[in-house]
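*Asks:* A predicted structure for the sequence below; I have some questions about it.
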Amino acid sequence: MYPTPESEDELTLRPSRTRSGKIRAGTRSRPRPPVGSEVDISISPPSSLINPRTRIRKNRSPSPVPDSESESPTPASPVASSSRFPSPAEYIPANLDRVPTPTAADVSTSQASITPLSQLNARKREILRSIHIPSDLVDEEEGSANHLASNQLNDILKGTVARGEGNSCLLIGPRSSGKTRIVEKCLSNISDRLIIIRLCGWSQKSDRLAMREIAYQLSQQTGNSFLTVADEEPAEEQLKAESDPFLDAPDRMPMSLPPATHLPALISLLPTLSRPTVVVLDAFDLFAQHPRQSLLYCLLDTVQSCRAGVGSKGVAVIGMTTRVDTLNLLEKRVKSRFSGRMLRTAAPFKSQGWVELARDMLCSKTKIGRVWDKTDDLQQRWEASVNTFLDDQATESIFNETFSVSKDVRVLGRLITSIALQLTQSSPFPTPNLLVSAAATQRSRPRFSALHMLPYPSLCLLLAWVHTEIAGHSVFTFEMLYEKVRDQIRASSSAPVEFNGNSIGMPRCPRPAFESLVSARIIVSAAAPAPSIAKEFAKFRAVISREDVKKAVQMRNDINLSKWLTKAS
Amino acid sequence: MNLAHPGYEQLLAEISALVSAHAPPFIYVNDPVSPRNAALVVNSAISSLAQSSDALLRINHAQVNAVACLAPRMLYDTVLNQLAKWEVKWEAGCANWGGDDQRWNDNLDGFLHGLTAVHSFIRRADAAGPSKGKAKQADEDLEDSGQLVIVVERAERLQDQMPDLIVPLARLAELTKLDLSVIFVSDLPWEDMRPPFGACPDPYYVDVLPLSKDALLRRLSSVFEAVSSQSLPAAIAGPYHPSLLRLYQQFLSVLLDSCSLYLQDPNELQYIAAARWPGFVQPVLDDHNHGRQHGDDVDMDADDDASLKPPTEDVRMRLIRIFKPSFQAALQTLYPRFDHAANWAAMNYPEAELLLKPASETHPLPEAGELEADEGRIADLPRMAKFILVAAYLASTNPHISDLRMFGRGTDEKKRKRRARKTAGKSGTAKAPQRVLGPNPFPLDRLIAILGALLEENDVDQRPPAPEYAIPGEYTDMEIARVGIYNTIIELADTCLLHRMSSADKLDGPPNFKCGVSYATASALAQQLDVPLNDLLWDPA
């Protein structure tokens, strides 16, 4: 009875179209015809994150697709593997460092001049593309938290699909630990066609919006508008027709949304649909903050009352959250309807995984076997340089540092992106120096890093603030600072010496500098602004600390300012 | 492309590389100095990539300004229309993209659906457009192309106007499951905008550093080249004549020396340069025209090739010496926009035929004095109003318990005792002087009393003789009881030289006021009235 739009379902069942949305790019693209004549770098599907079935097929095929880094036929790999576990003796790493270095030097000197720009750009493109495809290298390990969660979720979904059960579970894990990835992978494992409803607490801010969205997604996936008179044409016929692509745009979604008052009834309708339904709730904790939690109540109530084997199809509710206390947020009536199954995910706990990930990203591993085995030594040189780079002590320490601060893989992605962008024709290979500068901008950025680049008057005001604060006034007005600056300028310019046509004293300090500090949020208003208080007497307090100013003055290297600062301490 | 944005080559290269490769889903460009330029550079980089013929690049670009899009619906519509390259036409009823039966701007969900629809629309348009015969081939190609890039300028405004939208915009790629990239351009660092609880993924950071002096020079002189190339034919000697480029660069160099310490925004510097340059070059032009007039008499042929020549080194040095002080003046007037450029340029025009005078007679243009914003308002106040303002300043600044000591005149003529100068506090913090903390409110009675004391001390001599007042002080009492005083106070309050603190419809008790003039103004007034203001202040400067 329901016209089932195949194309729509195909789209939703596509594996792992998660996070960045770029996976689709990776999974579906074929190797491109090369750009220009010399470019032989092209994009091919990564082995990871494809349907497992396809992966198995690929592994059996004779082509040497390296699925894990152990098989990588890189020339420097023995060196790499040995230096990864450096012995306590000092000479070994030093020795090992020396071994690959000449290679890299050779490479950079011989190749730098002849690497064409287009090739370099293609390389960058490829690296950035591969960064968007999260590798599942880490949670493939047996016994890891993600592996376990993945198995459990598979079982739950199987129960829903095969036996028509109503299931609910909650995935809890820190950011970018693979929650969405696991869910998408498990959903793609299911061979039956499902109705998948995806909600996100960030976009569906209220229950009413969420229910409208459910109705929309249902009508998109079943082609039927619910609870209203459905009389529209099935949408996919026109999609297939494709005679005039411009004509079907308005015809595609004439689904009328059901009125908001009828929407709660919609949820109880889920088990009666012709296919099993999976509701994925991203940012589950935000749904728990909606008034009365009525959406969660309806969903979980439906799930609980879903009886297997009475002709209805199963419903599964999968929540994802980073908050560990989400269960406590639920009201009692909601909590009692929740199954209590909580699956935990975790980020990789060894930094070694990161180095391998970085190698994958930089080398865009997946196609070496297919495209590069017969080609020139350019790729070999690239890999050699990547190995040299990854085996470097400095690289290793930065990776370790980063890993100990944040286990977020996206941070690694940003670092590699920054490295890739810094590659130039004259230095086309990654070096630890590039990583250092990448880490400075992309990782745990200092809050006030650019204070020393402020205009001179602003810095003067900040110094005056240091003096004011030492005098015990943490809340200040513009006049307080300005008076200090003015006095200091007067004092410093009393020496009648001129250099290069300018007095050696401090230059004068116009007032707009203060407003620029306010708009940069270096100082913030301490009291609500009132119309009766003149601007120069409004009270402010500083966000920065004295240390920040001190550092800024040191970096600025201005004698007048440093002298004035030393007076403060 | 690099020529279009001198000084911003690095940003241009970085954005081009990011977008042409495969932009991360969320990029944050932070330019604390001039976000406008950064946004210009980002947009022109992306749009030139979007128009390039590279088959691998299929970028669809939308740029929105968070100042202009002050409501979510405007933001949604702008983005969708631009992505679909749909022009809103007045004749067509200003319909948005998507037709009548479909609205994408209802709420965020509608916007997300709209993005999906736009994406498939673009894909189909691309497939149908260039290669109809090889539709199959094109389809395969298109599978992974067509990144959508959405640039949000002045993104810090989102915080005030649409705080709910920051998180969805930052996660847009994830929410729509499309290949898109959102770029925020702002003058605030992301740390100040980041919503709490880790709601947003961290962006890829792109920082724009303030331009160096060299880059500023290149940027500003490129403006000169642009103007001179499109301005009048070379025969007419205008301020933007091509042969003056060298002089302009030296002018800029001196200008930057004296201004770049205070100011880093190239647009503001350009504003100052544009205001000062015509005046600066006018003597050279005068000289040229003068020479021409005289040359006409002598020899017509020699004159024809005597188009405008760059001035000699001597002239250059002389000009710079004359004009250098006025650069600072321009900065102090034009940067806070106390005046606009045309007006300022007209007021600071050099005298005619400056270069014909001997060097000893030309003087540097005056440097700017301290500008006092109140000056215009207090210039033509009546004498009594000035007394009232000084009294109000005293009342606002002195603590009220000090009044008797400051103004009281007992029979024994006890000398006024001011509080002992504050010694370095042994414990606790020294109190900041009221002068810098801002005025305190005071009741009208106190103002009248202080006014009386002031008048008695400083005004008695100038009054017309009135023998009917025998008792000392009686005349002053008479004066301060006049209706004119109260009238003046109300007038001053209306012009905001006094601030009325209590509501106007309050009946009980005297009304409260606060002084609205600064210390500088008050002391200028006191000087005019011969009042020793510093002696009367409890805590003088």
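*Replies:* Great, that's in hand. Note that the structure is predicted; figures quoted are calculated from it, not measured.
*Asks:* Show me the beta-bridge partners of residue A:476.
*Replies:* Listed by DSSP bridges, the beta-bridge partners for residue A:476 are residue A:540.
*Asks:* who touches it in this structure?
*Replies:* Going by CB atoms under 8 Å, 6 or more residues apart in numbering or on different chains, residue A:476 touches A:465, A:468, A:469, A:539, A:540, A:541, A:542. Quick note: C-beta positions are derived from backbone N, CA and C, even for glycine.
*Asks:* Export those to JSON lines and append columns for neighbour count and distance to residue A:336.
*Replies:* Shown next, in JSON lines, are the contacts of residue A:476 (neighbours: other CB atoms under 10 Å in any protein chain shown; distance: CB to CB, whole Å):
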{"residue": "A:465", "neighbour count": "27", "distance to residue A:336": "56"}
{"residue": "A:468", "neighbour count": "23", "distance to residue A:336": "58"}
{"residue": "A:469", "neighbour count": "18", "distance to residue A:336": "55"}
{"residue": "A:539", "neighbour count": "17", "distance to residue A:336": "52"}
{"residue": "A:540", "neighbour count": "21", "distance to residue A:336": "52"}
{"residue": "A:541", "neighbour count": "15", "distance to residue A:336": "48"}
{"residue": "A:542", "neighbour count": "21", "distance to residue A:336": "51"}
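*Asks:* I'd assumed residue B:336 was in contact with residue A:512.
*Replies:* Yes. Residue A:512 is within contact range of residue B:336, at 5.0 Å (criterion: CB atoms under 8 Å).
*Asks:* what comes up buried for stretch A:461-472?
*Replies:* A:461, A:462, A:463, A:464, A:465, A:466, A:467, A:468, A:469, A:471 (16 or more other CB atoms under 10 Å in any protein chain shown).
*Asks:* pLDDT of that stretch, averaged?
*Replies:* Mean pLDDT, stretch A:461-472: 88.
*Asks:* Any residue of it touching chain B?
*Replies:* Yes. Applying CB under 8 Å from any CB of the partner chain, one finds stretch A:461-472 in contact with chain B at A:471, A:472.
*Asks:* related to what we said a few turns ago, so for residue A:512 and residue B:336, which residue has more residues nearby?
*Replies:* Between residue A:512 and residue B:336, residue A:512 has the larger neighbour count (other CB atoms under 10 Å in any protein chain shown), namely 17 against 14.
*Asks:* Quick one: check the longest helix along chain B for contact with chain A.
*Replies:* Criterion DSSP state H: the longest helix present in chain B is helix B:266-298. No. Under the criterion of CB under 8 Å from any CB, chain A is not reached by helix B:266-298; the shortest gap measures 9.9 Å.
*Asks:* Could you confirm whether the helix or strand that contains residue B:173 reaches chain A?
*Replies:* Assessed by DSSP states H and E, residue B:173 sits inside helix B:172-176. Yes. Applying CB under 8 Å from any CB, one finds that helix B:172-176 is in contact with chain A at B:173, B:174, B:175, B:176.
*Asks:* so what secondary structure elements neighbour that helix?
*Replies:* Applying 3 or more CB pairs under 8 Å, 6 or more residues apart in numbering or on different chains; DSSP states H and E, we find helix B:172-176 packed against helix B:108-128, strand B:180-186.
*Asks:* and if we set it to 10 Å?
*Replies:* Helices and strands touching helix B:172-176, by 3 or more CB pairs under 10 Å, 6 or more residues apart in numbering or on different chains; DSSP states H and E, are strand A:195-200, strand B:26-30, helix B:108-128, strand B:147-153, helix B:163-170, strand B:180-186.
*Asks:* Test my guess that residue A:209 contacts residue B:164.
*Replies:* No. Counting by CB atoms under 10 Å, residue A:209 stays clear of residue B:164, with 11.3 Å between them.
*Asks:* and the nearest residue to residue A:186 once chain neighbours are set aside, what helix or strand is that in?
*Replies:* In this structure, residue A:186 finds its nearest non-sequential neighbour in residue A:153, 4.6 Å apart by CB to CB, 6 or more residues apart in numbering or on different chains. According to DSSP H and E, residue A:153 maps onto helix A:145-163.
*Asks:* What count of nearby residues applies to residue 341?
*Replies:* Assuming you mean chain A. 14.
*Asks:* if you could check chain B rather than the one you did, that'd help
*Replies:* 17.
*Asks:* Grab the nearest non-local neighbour of it.
*Replies:* According to CB to CB, 6+ apart, the nearest residue to residue B:341 is residue B:275 (3.8 Å).
*Asks:* What pLDDT does the model give the nearest residue to residue B:497 once chain neighbours are set aside?
*Replies:* Nearest residue to residue B:497, sequence neighbours excluded (CB to CB, 6+ apart): residue B:516, at 4.8 Å. For residue B:516, the pLDDT comes out at 86.
*Asks:* List the contacts of the closest residue to residue B:152 other than its chain neighbours.
*Replies:* Excluding the flanking residues, the one nearest residue B:152 by CB to CB, 6+ apart is residue B:184, at 5.2 Å. Contacts for residue B:184 (CB atoms under 10 Å, 6 or more residues apart in numbering or on different chains) come out as B:26-30, B:39, B:66, B:150-156, B:158, B:166, B:169-170, B:190, B:193, B:203, B:206.
*Asks:* Okay, now the unreliable bits of the stretch 101-250 of chain B?
*Replies:* B:101, B:129-145, B:231-236 (pLDDT under 70).
*Asks:* what packs against the one helix or strand residue A:550 maps to?
*Replies:* If you go by DSSP H and E, residue A:550 is part of helix A:546-556. With contacts taken as 3+ CB pairs under 10 Å, 6+ apart, helix A:546-556 sits against helix A:456-470, helix A:559-568.
*Asks:* can you put those helices in JSON lines and add distance to residue B:449?
*Replies:* Formatted as JSON lines, the helices and strands packed on helix A:546-556 follow (distance: least, CB to CB, whole Å):
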{"stretch": "helix A:456-470", "distance to residue B:449": "34"}
{"stretch": "helix A:559-568", "distance to residue B:449": "42"}
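*Asks:* so which of these comes closest to residue B:87?
*Replies:* Residue B:87 lies closest to helix A:456-470 among the helices and strands packed on helix A:546-556, at 43.4 Å (CB to CB).
*Asks:* isn't the residue nearest to residue A:186 right up against residue A:319?
*Replies:* No. Using CB under 10 Å, residue A:153 makes no contact with residue A:319, being 11.6 Å away.
*Asks:* okay, and the common contacts of those two?
*Replies:* A:169, A:171, A:183.
*Asks:* State the distance from the second one to residue A:182.
*Replies:* It refers to residue A:171. Applying CB to CB, to the nearest Å, the value for residue A:171 to residue A:182 is 7 Å.
*Asks:* Can you pull the residues that touch both of these two?
*Replies:* Common neighbours of residue A:171 and residue A:182 (CB under 10 Å, 6+ apart) are A:146, A:149, A:152, A:153, A:318, A:320, A:343, A:345.
*Asks:* which of those lies closest to chain B?
*Replies:* residue A:320 (11.8 Å; CB to the nearest CB).
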